[in-house]
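K.L.:
predicted structure and sequence below. I'll ask about it afterward.
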Amino acid sequence: MSASPALKVLVVDDSNTIRRSAEIFLKQGGHEVLLADDGFDALAKINDYQPDLVFCDILMPRLDGYQTCAIIKRNARFAGIPVVMLSSKDGVFDKARGRMVGSQDYLTKPFTKDQLLQAVQQFGANLNGVS
């Protein structure tokens with residue numbers, strides 16, 4: 001299996017620990033990493049940098065992950081960016097709600113380096129027209 005091409009990945013989480021570990025894992029995987037600590041910060045970064053993939057925490061102050069994802073998906077310029085929800089709860093309801101607002105996948109925290117890079121690889125292949 002060949003390594004996926006380097007992608008620009010935005011990690012949105014109000015936890016500094018989660019952001020740092022995701023950044024380390026993604027950089028080890030050869031990806032460019034952008035960090036945001038809440039939904040508003042994320043929307044500004046998406047507008048400025050147009051990442052290839054977004055990992056978005058659900059429980060955040062001001063603008064939660066569901067609202068952030070819904071706003072991304074309602075914007076024609078950004079609707080094609082895959083959004084993977086991050087949550088400490090592994091609930092059916094959370095996953096369903098994530099899908100309703102347009103998220104492509106769901107990772108339960110704490111995630112491993114392998115889980116994170118596997119998600120990136122999955123969407124990286126889709127972005128590059130490889131199934």
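P.N.:
Great, that's in hand. Here the structure is a predicted model, which is why all the values come from computation and not from measurement.

K.L.:
the protein: strands as residue ranges?
P.N.:
Using DSSP state E, the strands found in the chain span residues 8-12, 32-36, 53-57, 83-87, 105-108.

K.L.:
ok, and what's touching the third one?
P.N.:
In this structure, residues lying in contact with strand 53-57 by CB atoms under 8 Å, 6 or more residues apart in numbering are 7-15, 18, 22, 39, 42, 46, 65, 68-69, 72, 81-87, 103, 107, 109, 116, 119-120, 123-124, 127. Quick note: C-beta positions are derived from backbone N, CA and C, even for glycine.

K.L.:
hey, which of the strands of the chain is tucked in deepest?
P.N.:
Stretch with highest mean neighbour count among the strands of the chain: strand 53-57 (a mean of 26; mean count of other CB atoms under 10 Å).

K.L.:
average pLDDT for that one?
P.N.:
Averaging pLDDT along strand 53-57 gives 98.

K.L.:
stretch 65-72 too?
P.N.:
The predicted model assigns stretch 65-72 a mean pLDDT of 98.

K.L.:
against Pro82, how distant is the spatially most central residue of the chain?
P.N.:
In the chain, the C-alpha nearest the mean C-alpha coordinate belongs to Phe55, at 1.4 Å (CA atoms, centre = their mean). Distance of Phe55 to Pro82, given as CB to CB, to the nearest Å: 10 Å.
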